[in-house]
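*Asks:* Take a look and give me a structure for this.
(one chain, ligands or ions: 2)
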Amino acid sequence: MSKLKIAIQKSGRLSEKSLELLKECGIKLSNSDRKLKTEAKNFPIEVLFLRDDDIPQYVEQGVADIGFIGENEVWEKEKNVLTIEKLGFANCKLSLAIPKDENYTGLFYFKNKKIATSYPKILRKFFDEKEINVEIEEIGGSVEIATGIGLANAIFDIVSTGSTLIMNGLKEVEVVTKSEAVLISNKNLVAEKQRIIEKLLFRIRAVKNSAENKYILLNAPNSAISRISSIIPGMKSPTVLPLAIEGWSSIHSVVKEDEFWDIIDQLKALGAQGILVIPIEKMVL
Ligand code: ATP
Ligand code: MG
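*Replies:* Ligands and ions are numbered 1, 2, ... in the order given. As a prediction, this is how the structure comes out:
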């Protein structure tokens, strides 16, 4: 049986999370000391550890069948690959920043200005669409120092918290796009490899769902069951179990993590007590 070759970043901001995701999918690697490649003991995959810049090209060429990579690299490299799933980590913005004391007047501020970046194609496309002429200075790294050393008037780079910008006397003035890690695939895979991808995707989705959802248990008077059920409908319907005290029930359901704080007041107003919220290990819809 052939193995699916999966490319992940050797070391950097994607690599830990990529390995963690494989682990949460129940995939055990023979060794994870990140030589060039390793195999899984209990799943038909082989892991290749590469520089992230090279992953789109290697997936296009079929050196790797699939890869975990930042969307920003997929857009910049413009390789002929399929993006098949968002992975929910390595979330960042690609933003324009200028020296903090400059007066920002909107996108036309950048007209005929020099912008330093490691993402020239994404930036060129953005300004071409706006029909604004800019001069793009491509540099490999440490983009944030480009204005300080007089190389450019502005920068276009990855921003997460913005602290790097502040440390370099810059301010973010435009978010051009947002990126996260994605699963990309070669376009011409044999059916056997497609099937392995389907199995892997099934597991990845179960892991992602579990991260986004919580198990909720609460006690409520029986008179409130139907209204509470409509607030926390769960996957099919909530489980309702009678308590030993007459007239009360325990209600179990699943809630989205980011909706939890919005619904908690409604639940309390309906008489819910003893509310417990518990992480879910895996979730298959
Ligand atoms: P390599 O040596 O493999 O070329 P690199 O230095 O190009 O690594 P990293 O800094 O490790 O790349 O970033 C890898 C990816 O992680 C980026 O392309 C981006 O998608 C994402 N990323 C980068 N910085 C951040 C951040 N501060 N927060 C969240 N995600 C980020
Ligand atoms: Mg890189």
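*Asks:* Could you use CA atoms for every contact and neighbour count after this?
*Replies:* Fine.
*Asks:* Lys17 contacts Asn91, correct?
*Replies:* No. With contact defined as Cα atoms under 8 Å, Lys17 and Asn91 do not form a contacting pair (11.5 Å).
*Asks:* Those two: who's more crowded?
*Replies:* Using other Cα atoms under 10 Å, the more surrounded residue of Lys17 and Asn91 is Lys17, with 19 against 15.
*Asks:* touching ligand 2 at all, the helix or strand that that one is a member of?
*Replies:* Element membership of Lys17 [criterion: DSSP states H and E] is helix 15-24. No. Using Cα under 5 Å from the ion, helix 15-24 never reaches ligand 2; the gap is at least 11.5 Å.
*Asks:* Next SSE downstream of that helix?
*Replies:* Next along from helix 15-24, by DSSP H and E: strand 37-39.
*Asks:* per-residue confidence averaged over the helix or strand just after that next one?
*Replies:* Per DSSP H and E, the first helix or strand lying C-terminal to strand 37-39 is strand 45-50. Summarised as a single mean, pLDDT over strand 45-50 is 96.
*Asks:* can I get the CA coordinates of strand 45-50 in CSV?
*Replies:* Coordinates of each C-alpha in strand 45-50 appear next as CSV, following Å, rounded to 0.1, in the frame of the first residue of the first chain:
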residue,chain,number,x,y,z
ILE,A,45,1.7,8.5,5.9
GLU,A,46,5.3,9.7,5.6
VAL,A,47,6.2,13.1,7.0
LEU,A,48,8.7,15.3,5.2
PHE,A,49,10.2,18.2,7.2
LEU,A,50,10.8,21.2,4.9
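*Asks:* Can you verify my assumption that Ile69 contacts Ala181?
*Replies:* Yes. Using Cα under 8 Å, Ile69 is in contact with Ala181, at 5.3 Å.
*Asks:* What residue, apart from its backbone neighbours, is nearest Val277 spatially?
*Replies:* Ile216 (4.5 Å; Cα to Cα, 6 or more residues apart in numbering).
*Asks:* Tell me who's in contact with the one you found.
*Replies:* Taking Cα atoms under 8 Å, 6 or more residues apart in numbering, we find Ile216 in contact with 252-255, 275-278.
*Asks:* now these in a markdown table, with distance to ligand 2 and pLDDT?
*Replies:* Compiled in a markdown table, the contacts of Ile216 are given as follows (distance: Cα to the ion, whole Å; pLDDT from 0 to 100):
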| residue | distance to ligand 2 | pLDDT |
| --- | --- | --- |
| His252 | 45 | 97 |
| Ser253 | 42 | 96 |
| Val254 | 39 | 96 |
| Val255 | 37 | 95 |
| Ile275 | 45 | 95 |
| Leu276 | 43 | 96 |
| Val277 | 39 | 93 |
| Ile278 | 37 | 95 |
